[in-house]
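Visitor: Quick one, structure for this:
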Amino acid sequence: MAIFPQGLTRVDKRCNTGERRVLHQLKRCLEDDYIVWHDIPIGPKARQPDFVILSPRWGVLLLEVKDWKRQTLIKANVDQVELQTPHGRVTDGSPMRQVRDYTMELVNLMQADPQLVHADGPFQGKLLFPYGWGVVFSGITKAAAGEDFHEVFPEFKTLLRDDLEEDVDPGDFQMRLWGMFTVNYPYTLTLPQRDRIRWHLFPEIRMQSAQPSLLPVDEPGSSAGDLPDLLQVMDLQQEQIARTLGAGHRVIHGPAGSGKTMILIYRAQQLAAAAQPGKPILILCYNRSLAGRIEAVLRERGVDERVQVRTFHAWCQDMVDTYQVNVPGVKTRDNAYYAALVGAVERALETGLVPSGQYLALLVDEAHDFEESWLRLCTQLVDPLTRSLLVMYDDAQSIYQKKRRSRFTFAGVGIEAQGRRTQVLKLNYRNTREVLNLAVRCADALLRSEDETSDTATVTPTSAGRSGPPPVLVRARSPLEEAELIAQRIVGLLAEGVAPDEVVVLCRTRQ
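Guide: Below you'll find the predicted structure:
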């Protein structure tokens, strides 16, 4: 069966009668290397064909579906149709012209990508793979179509009700789809090429970078001349999770570099697009750098202040300032103050001084860095009508907790996410295989320590396959020797001509 990144059940509910017939035939007749999207914006102009089909063996096909009866269609030419409706006669654009224009717009976009076109030869500058378009008239049979029907809607570009029947052979149905391609020649897309096509199709699943730069750099633009060799995009599992996240409490487990933050950003973007004016959407995390990065990406994507991004302590300070909450003790911004700050906000929520349920949705990134009382507090902030709480978690990354959690469960802090409400990501895209192998060896004891009473078991990451130079592990006998060894390495690199701003020293804390 084909892959439906939006979720087959979800798509089925969204379809009208004619689209549902097409959906069921695609489900019945296509193999599992096909990918099918329904009624979803594509490209920079957010065009919305009824179905987009991507096959690694054939290419891209766009379908427009009309559930008209034959008597509904009075006149038609290449540009427009005249329809008989309950409100009288109306003129509309031709669905064949419409889906052709959508396809050619997409083709022109992808032909600007050097890695998707022929580099030389008679087809230089043309797409490596076939593409096509067609119209499905799900309510018109071949017998009712009439002799003049295919003069306007060519038979090879048109599916009728007969093509959607259960007794149609799946192979014959696929041949009808393949006949809609403008050209037919064998070409099998590689996985990177397939993902480049998805990158062009769906801007919302793009990843700006696998790992944010530690130094200021210019992000590559979207023009053809600026396209990098590696276009980073959610993998199919990430896209499917992102597109099918429903209401209620949800938890996603995943190791570092598995795409949790990009799924969170996608979810915030979709919630903001569907939100009515009123309650805002809140994103919380522990680390200030991460909060800044998330906010920057959201603003780049046109998401306005309806989505607020704060660190947990900054949000607590907002509540104190907004509702004039008294924080007892010293006002110096040290650990004691922050503990008192959180305690004051917790009490203010209990008494109603700070209102509960004030956010349409709450998304928590790196929730493993949150204390249990903070997570419990988070459940009180979401509107009880939506209960929209998304938590990203990986206990192995808990670098700020003073001690490992024991016997922790999400239910214990009020997060009701079991079964299908919990998803697990395993692939690590951030690191090369060599770096990941060393990291896993260093963290071996941590990754093997399982607590059967906890539902936050650590996820051992799996490499996505990228390779690079092997890292060098240097062991020092004391902190002083470690500092001397690092200094010696830096001096050596500078002597070799390495620029100072290409050398980074990472530390757990500022001290």
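Visitor: quick one: low-confidence parts of the chain?
Guide: Counting by pLDDT under 70, the low-confidence segments of the chain come to 207-231, 330-331, 395-407, 446-458.
Visitor: How is it partitioned into domains?
Guide: What the record gives for the chain is the domain set 8-201, 232-471, 474-511, from automatic domain parsing.
Visitor: need those in CSV with distance to Ala2, can you?
Guide: (C-beta placed from N, C-alpha, C; glycine too.) Below are these laid out as CSV (distance: least, C-beta to C-beta, whole Å):
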stretch, distance to Ala2
domain 8-201, 4
domain 232-471, 12
domain 474-511, 44
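Visitor: okay if I get those as CSV plus mean neighbour count?
Guide: Formatted as CSV, the entries for the domains of the chain read as follows, by neighbours: other C-beta atoms under 10 Å:
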stretch, mean neighbour count
domain 8-201, 16
domain 232-471, 17
domain 474-511, 10
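Visitor: of all the ones you listed, which lies closest to Met1?
Guide: Within the domains of the chain, the stretch nearest Met1 is domain 8-201; the backing value is 5.8 Å (C-beta to C-beta).
Visitor: which residues sit against the helix or strand Arg21 falls within?
Guide: Applying DSSP states H and E as the criterion places Arg21 in helix 17-29. Outside of helix 17-29, the residues that reach it under the criterion C-beta atoms under 8 Å, 6 or more residues apart in numbering are 1-2, 4, 8, 11-12, 15, 34, 36, 38-39, 50-51, 53, 63, 65-67, 136, 138-139, 159, 161, 163-164, 166, 168, 170, 173-174.
Visitor: Check which element follows that helix along the chain.
Guide: From helix 17-29, the next helix or strand downstream (DSSP H and E) is strand 35-38.
Visitor: and that next one, what does it pack onto?
Guide: For strand 35-38, the helices and strands in contact under the criterion 3 or more C-beta pairs under 8 Å, 6 or more residues apart in numbering; DSSP states H and E are helix 17-29, strand 51-55.
Visitor: Does Ser388 have any beta-bridge partners, and if so which?
Guide: Beta-bridge partners recorded for Ser388 (DSSP bridges): Ala361.
Visitor: same question, Gln80
Guide: When assigned by DSSP bridges, Gln80 has beta-bridge partners Gly93.
Visitor: That one against Pro95, yeah?
Guide: No - using C-beta atoms under 8 Å, Gln80 is not in contact with Pro95; the gap is 10.2 Å.
Visitor: The stretch 101-250 of the chain: strands as residue ranges?
Guide: Assigned by DSSP state E, counting those that start in this stretch, the strands in the stretch 101-250 of the chain fall at 131-137, 158-160, 249-253.
Visitor: now those strands in TSV, with distance to Asp304?
Guide: As requested, the strands of the stretch 101-250 of the chain are exported to TSV (distance: least, C-beta to C-beta, whole Å):
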stretch	distance to Asp304
strand 131-137	35
strand 158-160	42
strand 249-253	24
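Visitor: Check which helix or strand Val60 maps to.
Guide: Following DSSP H and E, one finds Val60 within strand 59-66.
Visitor: now the helices and strands packed on strand 35-38 in a markdown table, with distance to Ile74?
Guide: Formatted as a markdown table, the helices and strands packed on strand 35-38 follow (distance: least, C-beta to C-beta, whole Å):
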| stretch | distance to Ile74 |
| --- | --- |
| helix 17-29 | 19 |
| strand 51-55 | 26 |
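Visitor: returning to that earlier point: can I get the next helix or strand after the strand holding Val60 in CSV, CA atoms only?
Guide: Beyond strand 59-66 in the direction of the C-terminus, DSSP H and E gives the next helix or strand as strand 73-76. Listed in CSV are the C-alpha atoms of strand 73-76, where the atom choice follows Å, rounded to 0.1, in the frame of the first residue of the first chain:
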residue,chain,number,x,y,z
LEU,A,73,-21.3,19.7,-17.5
ILE,A,74,-23.0,21.7,-20.2
LYS,A,75,-20.1,23.1,-22.2
ALA,A,76,-16.3,22.9,-22.0
